[in-house]
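Novice: Need a 3D model of the sequence below.
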Amino acid sequence: MLALRKLAAGRGQLGLVDVDPPGPPAPGQLVVDVVSAGVCGTDLHIRDGEYPSVPPVTMGHEMGGYVRAVGSGVDPGLVGRRVAAETFFETCGRCRWCRDGRPNLCPARRSLGTHVDGGFAPQVTMPAINVHSVPDHVPDSALSLLEPLACVCNAMSVGSRVFAGDQVLVIGPGAVGNLAAQVARAAGARVVLSGLERDRERLELAARLGLEATTVVDAAGPGGGRFDVVVETSGSAGGWDLAVRAARRGGRILQMGLVGRPVPVDVDLICNHELTVSATFASHPASWLRATELVGARSVDLASLISEVMALRDWETLFDHIGAGDGLKYVFDPRL
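Specialist: Coordinates of the predicted model:
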């Protein structure tokens, strides 16, 4: 089968190559036929050698599909089930973070798409505990978007919570920013989603989903910013500059966007305004439960975020679209 792989360390080093399909799943594991594999900014950082991976490895950590086969000890009723998948492959289960219910922080964590073959291929093997059933109204193409939604829920619903009545600024109208704005709205917050002039198409989509979207942010408040919570998803120096200026005194900044390099931040504002800056990494079971609840209640729209579904053979075109800021969310369907 054909798989898109990181072939070697360093910038570039990607290729679509022929690999053997997975063998029979081991005890506790299953094999999924992938129908939706989302591409996110992390994949571009992997391509550019800015995010750690262990090549050669098939990329792709956002994925969903149909269970093809199960190993011993796994419910055979899962075969044929439509699922979305968590990103880890294994954790130690013994460290303080695993025992605290935070396996996403396990130092020994090995993840699909970076350490172990991921979803940019027709089939993928994973632990059976990874998979979550998806509400029927979610189309196949949007299955992979449950993973970034779970990451957003880790930051906003499980970690540093957003509360009803909060004024929230989300910086960056990409897929994660759009999801963050929808999650904040579902929590009862008043939300502004901001972007640049080149993001006009993305902002228009957000407006169609009922979100307040703008290129001009009124950040001023009493002696500082006016927002209770600022969510930085753009992964840019400009985004961080706006974040520390827009947060009110005693406010909260949540980091979600990866920059890939050091950026200057006015840390004196963090001190003088007593800002709380926090971040979360990936997701964990509690955030997946929240994500599936929001989707089941139709509080978050996943399908509208998809710009195009493409074949693996078109990966270079797809990556060029993302790098140019075209569209919102691109998804591979390995069956094409």
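Novice: Give me the contacts around the lowest-mean-pLDDT helix or strand in the chain.
Specialist: Within the chain, confidence by mean pLDDT, DSSP states H and E is lowest for strand 220-221 among all helices and strands, at a mean of 86. The set of residues external to strand 220-221 that reach it, using Cβ atoms under 8 Å, 6 or more residues apart in numbering, is 226-227, 248-249. Every residue, glycine included, has its C-beta placed from N, CA and C.
Novice: Kindly report the same for stretch 79-87.
Specialist: Residues contacting stretch 79-87 (Cβ under 8 Å, 6+ apart): 32, 61-70, 111-113, 119, 124, 126, 129-134, 140, 143-144, 146-147, 150, 282-283, 285, 288.
Novice: and with 7 Å instead?
Specialist: 32, 61, 63-67, 69-70, 111-113, 126, 130-134, 143-144, 146-147, 282-283, 288 (Cβ atoms under 7 Å, 6 or more residues apart in numbering).
Novice: Identify those among the residues you listed that sit within strands.
Specialist: 32, 63-67, 69-70, 111, 126, 131-133 (DSSP state E).
Novice: out of the residues you listed, who's nearest Leu312?
Specialist: Met63 (12.7 Å; Cβ to Cβ).
Novice: can you pull up the bridge partners for that closest one?
Specialist: For Met63, the beta-bridge assignment (DSSP bridges) gives partners Ala37.
Novice: and the gap between it and Val191?
Specialist: Note on Met63: its distance to Val191, by Cβ to Cβ, to the nearest Å, is 28 Å.
Novice: who has more neighbours, the two?
Specialist: Met63 (32 against 26; other Cβ atoms under 10 Å).
Novice: Counting neighbours, what do you get for the residue nearest to Gly225 when sequence neighbours are not counted?
Specialist: Excluding its sequence neighbours, the residue lying closest to Gly225 (Cβ to Cβ, 6 or more residues apart in numbering) is Ala246, at 4.1 Å. For Ala246, the neighbour count with other Cβ under 10 Å is 26.
Novice: just the strands in the stretch 51-200 of the chain please.
Specialist: 57-58, 62-70, 82-85, 88-90, 110-111, 123-127, 131-133, 167-171, 190-194 (DSSP state E, counting those that start in this stretch).
Novice: mind listing what Gly10 touches?
Specialist: Gly10 touches Gly49, counting by Cβ under 7 Å, 6+ apart.
Novice: For it, what are phi and psi?
Specialist: Backbone torsions of Gly10, given as degrees, to the nearest 10, read phi 100, psi -180.
Novice: again, but for Gly119
Specialist: Per degrees, to the nearest 10, the backbone of Gly119 is at phi -90, psi 0.
Novice: would TSV of the strands of the stretch 51-200 of the chain with mean pLDDT be doable?
Specialist: Compiled in TSV, the strands of the stretch 51-200 of the chain are given as follows (pLDDT from 0 to 100):
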stretch	mean pLDDT
strand 57-58	98
strand 62-70	98
strand 82-85	98
strand 88-90	94
strand 110-111	96
strand 123-127	98
strand 131-133	96
strand 167-171	97
strand 190-194	97
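Novice: Quick check: pLDDT value at the residue nearest to Arg313 when sequence neighbours are not counted.
Specialist: In space, and not counting its chain neighbours, Arg313 is closest to Leu16: 6.3 Å by Cβ to Cβ, 6+ apart. Here, the pLDDT recorded for Leu16 equals 97.
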